[in-house]
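Enquirer: Task: produce atomic coordinates for the following.
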Amino acid sequence: MSDLTTRAGAVEVRRTLISRRQALAGLFAAAAAGPALARPRLMNEPAFEISLAQWSLHRAIRDKKVDHLDFAKLTRTEFGIGAIEYVNQFFADKHSDKQYLLDMKIRAVDFDVVQRLIMIDGEGALGDPDEGKRTSAIDNHKRWVEAAKYLGCAMIRVNAASGGTFEQQQDRAADGLRRLAEFAAEHDMSVVVENHGGLSSNGQWLAGVMKKVGLPNLGTLPDFGNFNLGDGKQYDRYKGVEELMPFAKAVSAKSHDFDEQGNEIHTDYRRMMKIVVEAGYHGYVGIEYEGNKLDEFAGIRATKTLLEKIRDEMAG
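Expert: Numbering: from 1, shown residues only. Got it, this is the predicted structure:
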């Protein structure tokens with residue numbers, strides 16, 4: 001019997017030690033998209049929780065300075081954060097490797113870390129104009145729904161890439177997302193769409209896709225910085241996040257550079273977090289540092305410090 005299998009027997013016992021964040025993760029994952037997600041803050045509940053997106057360490061992982069399997073440990077011991085968001089690129093061939101996934105799960109439990117979601121890229125366009133390719137993309141994503149479920153995540157993050165006119169792309173993306181969300185519902189899982197370039201970075205367009213589908217387990221993951229429409233055009237980030245928040249099941253706090261006072265210079269975090277919280281969202285806000293001036297570890301800490309400062313201000 002392998003060490004992993006032996007340790008697996010203790011997972012359920014240790015699961016009782018998982019922090020309050022674990023319970024909250026299930027609460028927010030179960031919330032339906034749309035107005036049902038908005039709610040008053042519970043007594044003594046923080047304005048929002050903080051998680052760490054694995055993409056914040058993408059250079060360190062690619063340079064072999066950080067092992068993917070150590071992500072949960074590093075998140076807890078280096079940054080004092082208790083929730084993580086995986087990126088499938090860093091274990092792309094392991095979606096069906098139960099032994100590998102079991103190792104990931106046990107390490108997260110060992111360090112009292114909630115596994116929130118897996119961000120999925122490179123598996124095809126869910127709104128592909130070619131119906132055959134669209135179906136293939138859906139099937140590719142189904143593997144990750146099953147992997148995320150096995151890990152204990154609440155959802156997967158996908159993209160809504162398509163082609164055609166504004167309306168055609170809405171219809172095509174809605175079709176692919178609906179079919180994937182229906183499969184995910186069979187596994188008690190959610191699917192969230194990030195604004196991630198092209199028309200998906202148009203808040204009105206993506207909100208329209210959500211309304212077309214109308215399934216409670218399909219939502220959005222508003223990213224503070226991903227509003228590049230292409231050809232040098234940018235969608236207003238504050239307007240975009242406001243449009244996407246009614247459907248949000250997760251939020252990505254994109255950061256790049258900071259001033260001497262510790263404020264992010266590209267996004268007014270206080271204004272943005274006011275939009276998030278006033279939408280009735282009190283779930284996890286994932287740190288996603290992408291800057292170059294600070295190293296990744298320092299950038300994560302700077303983003304966390306800023307979010308904690310704003311959270312304290314909101315509590316006051």
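
Enquirer: and the nearest residue to residue 279 once chain neighbours are set aside, how many residues sit next to it?
Expert: Spatial nearest neighbour of residue 279, excluding adjacent residues (C-beta to C-beta, 6 or more residues apart in numbering): residue 245 at 3.7 Å. C-betas here are computed from N, CA, C, even on glycine. Other residues within reach of residue 245, judged by other C-beta atoms under 10 Å, total 22.

Enquirer: go on, residue 163?
Expert: Using other C-beta under 10 Å: residue 163 sits among 14 other residues.

Enquirer: I'd like the distance between the residue nearest to residue 299 when sequence neighbours are not counted and residue 230.
Expert: If the residues on either side of it in the chain are set aside, residue 299 comes closest to residue 289, at 3.7 Å by C-beta to C-beta, 6+ apart. Separation of residue 289 from residue 230 (C-beta to C-beta, to the nearest Å) stands at 24 Å.

Enquirer: So the two - more neighbours on which side?
Expert: For residue 289 versus residue 230, the count of surrounding residues by other C-beta under 10 Å is larger for residue 289: 26 against 10.

Enquirer: Show the backbone phi and psi for the more buried one.
Expert: According to degrees, to the nearest 10, the main-chain angles of residue 289 amount to phi -80, psi 130.

Enquirer: Same question for residue 198.
Expert: Main-chain dihedrals, residue 198, degrees, to the nearest 10: phi 60, psi -150.

Enquirer: Same check on residue 86?
Expert: Main-chain torsions, residue 86, degrees, to the nearest 10: phi -80, psi 160.

Enquirer: Poorly predicted segments of this structure, please.
Expert: Across the chain, the ranges flagged by pLDDT under 70 are 1-40.

Enquirer: Now with 80, please.
Expert: Residue ranges of the chain with pLDDT under 80: 1-44, 316.

Enquirer: now the strands for the protein?
Expert: 49-53, 83-87, 114-119, 155-158, 190-194, 218-221, 228-230, 233-234, 251-255, 284-289 (DSSP state E).

Enquirer: what helices or strands is the last one leaning on?
Expert: Using 3 or more C-beta pairs under 8 Å, 6 or more residues apart in numbering; DSSP states H and E as the contact criterion, the elements in contact with strand 284-289 are strand 49-53, strand 251-255, helix 296-315.

Enquirer: right, so of the ones you listed, which gets closest to residue 148?
Expert: When these are compared by C-beta to C-beta, strand 49-53 sits nearest residue 148, at 14.7 Å.

Enquirer: right, so of the strands of the chain, which gets closest to residue 67?
Expert: Using C-beta to C-beta, the nearest of those to residue 67 is strand 83-87, at 13.4 Å.

Enquirer: partners of that closest one, with directions?
Expert: Here strand 83-87 has these sheet partners by DSSP bridges: strand 49-53 (parallel), strand 114-119 (parallel).

Enquirer: can you put those strands in JSON lines and add mean neighbour count and distance to residue 309?
Expert: Listed next are the strands paired with strand 83-87 as JSON lines, based on neighbours: other C-beta atoms under 10 Å; distance: least, C-beta to C-beta, whole Å:
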{"stretch": "strand 49-53", "mean neighbour count": "26", "distance to residue 309": "12"}
{"stretch": "strand 114-119", "mean neighbour count": "27", "distance to residue 309": "23"}
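
Enquirer: want to throw the ones you listed into JSON lines with distance to residue 266?
Expert: Shown next, in JSON lines, are the strands paired with strand 83-87 (distance: least, C-beta to C-beta, whole Å):
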{"stretch": "strand 49-53", "distance to residue 266": "17"}
{"stretch": "strand 114-119", "distance to residue 266": "21"}
